[in-house]
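Colleague: 3D model of this:
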Amino acid sequence: MSWDAGQHLPPGLPRATLRKSASMYTEIQREQPDSGNILNQPDYIDGNPDLIKPKKLLNPVKASKSHQELHRELLMNHKRGLSMESKPELQRVLEHRRRNQLIRQKKEEEEAKKLQSPFEKELLKRHQRLDQLEKEQEKQEDHAPEFIKVKENLRRTSTVTGNEKAA
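Modeller: Take a look at the predicted model:
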């Protein structure tokens, strides 16, 4: 904490005393080793040959070839001073992976279609035709005016009650 000319000093303490106390505090901190801290120095540094020294674990992401290649490419571009593309590296890689995945899926679908028997193809065509007919019926029902729907419901209920009376 330094006191400039524009700032007010605490009452009763001259500027020289404050500087002296601050420098004494830093000297005390330098002289006192932090003996209470367990993490200060590990036990295996003393050089005992009987102890097995720990090895640093490898990060699997950094150890992968693809990560190393991407990092190398970024370093080379940075050294050359090439401007980076508008998209970040991660986004470009993810798009590339998605594109490859879509291509693989299309190839698998084509192979699956080639392996289908004629019977399976015919079943698939009928299923698609039925789905299409159901969609068309739903569209027609949705576009019909409300009074037509009510009239159809009345006809159904009147035929049901007429059949119940006859029985």
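Colleague: pLDDT score for Ala167?
Modeller: pLDDT, Ala167: 56.
Colleague: go on, Glu110?
Modeller: Looking at Glu110, its pLDDT stands at 89.
Colleague: residues contacting the helix or strand that contains Glu73, please?
Modeller: Assessed by DSSP states H and E, Glu73 sits inside helix 65-80. Contacts of helix 65-80 with the rest of the structure, by Cβ atoms under 8 Å, 6 or more residues apart in numbering, involve 61-62, 84, 89, 93. (C-beta placed from N, C-alpha, C; glycine too.)
Colleague: now the element after that helix, going C-ward?
Modeller: Taking DSSP H and E, what comes next after helix 65-80 is helix 89-115.
Colleague: which one of the contacts of helix 65-80 is nearest Lys106?
Modeller: Lys106 has its nearest neighbour among the contacts of helix 65-80 in Val93, at 20.8 Å by Cβ to Cβ.
Colleague: mind pulling up the pLDDT for the closest residue in space to that closest one that isn't next to it in sequence?
Modeller: The shortest distance from Val93 to any non-neighbouring residue, by Cβ to Cβ, 6 or more residues apart in numbering, is to Leu70 (7.0 Å). Note for Leu70: predicted pLDDT of 89.
Colleague: next: the one 5 residues further on.
Modeller: Taken from the predicted model, the pLDDT recorded for Leu75 is 88.
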